[in-house]
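Visitor: I'd like to go over a predicted model; first the sequence, then the structure.
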Amino acid sequence: MILKKYEFVIFAFFMSLFMTILMSFVITLINVGLSDTFLAQWVKAFWRAYIIAFPAVLSVVPIVRKLVKKLVAEQ
């Protein structure tokens, strides 16, 4: 098991991984369609996007949490 202190990094890793898989697939499909080169182009797009997505999630999630906390009323 992974230590609790690494929870945020693991969260960011998986959040960015799944979102990048989904978004790179959809955008590649829209741009090139189901061609013979689709898989290669998708993998290329995925890795390019993921190197941006992981650090972005690491930096944006704390900001979003603070924003949501201000917008959501406590009961």
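Guide: Alright, I've got the coordinates.
Visitor: The most centrally placed residue in the chain: which element?
Guide: Taking Cα atoms, centre = their mean as the criterion, residue 16 is the residue nearest the geometric centre of the chain, at 2.2 Å. When secondary structure is defined using DSSP states H and E, the element that contains residue 16 is helix 7-32.
Visitor: packing partners for that helix?
Guide: Using 3 or more Cβ pairs under 8 Å, 6 or more residues apart in numbering; DSSP states H and E as the contact criterion, the elements in contact with helix 7-32 are helix 38-71. Bear in mind the C-beta positions are built from the backbone N, C-alpha and C, glycine included.
Visitor: The helix it packs on: which residues count as buried?
Guide: Buried residues in helix 38-71, counted by 16 or more other Cβ atoms under 10 Å: 42, 45, 46, 49, 50, 53, 54, 57, 58.
Visitor: For residue 38, see how far away the fifth one is.
Guide: Applying Cβ to Cβ, to the nearest Å, the value for residue 50 to residue 38 is 18 Å.
Visitor: With the last one instead?
Guide: Distance of residue 58 to residue 38, computed by Cβ to Cβ: 30 Å.
Visitor: thinking again about what came up before, the residue nearest to the centre of the chain: what's its closest spatial neighbour, skipping adjacent residues?
Guide: In this structure, residue 16 finds its nearest non-sequential neighbour in residue 53, 4.0 Å apart by Cβ to Cβ, 6 or more residues apart in numbering.
Visitor: average pLDDT across the helix holding residue 16?
Guide: With pLDDT averaged residue by residue, helix 7-32 scores 96.
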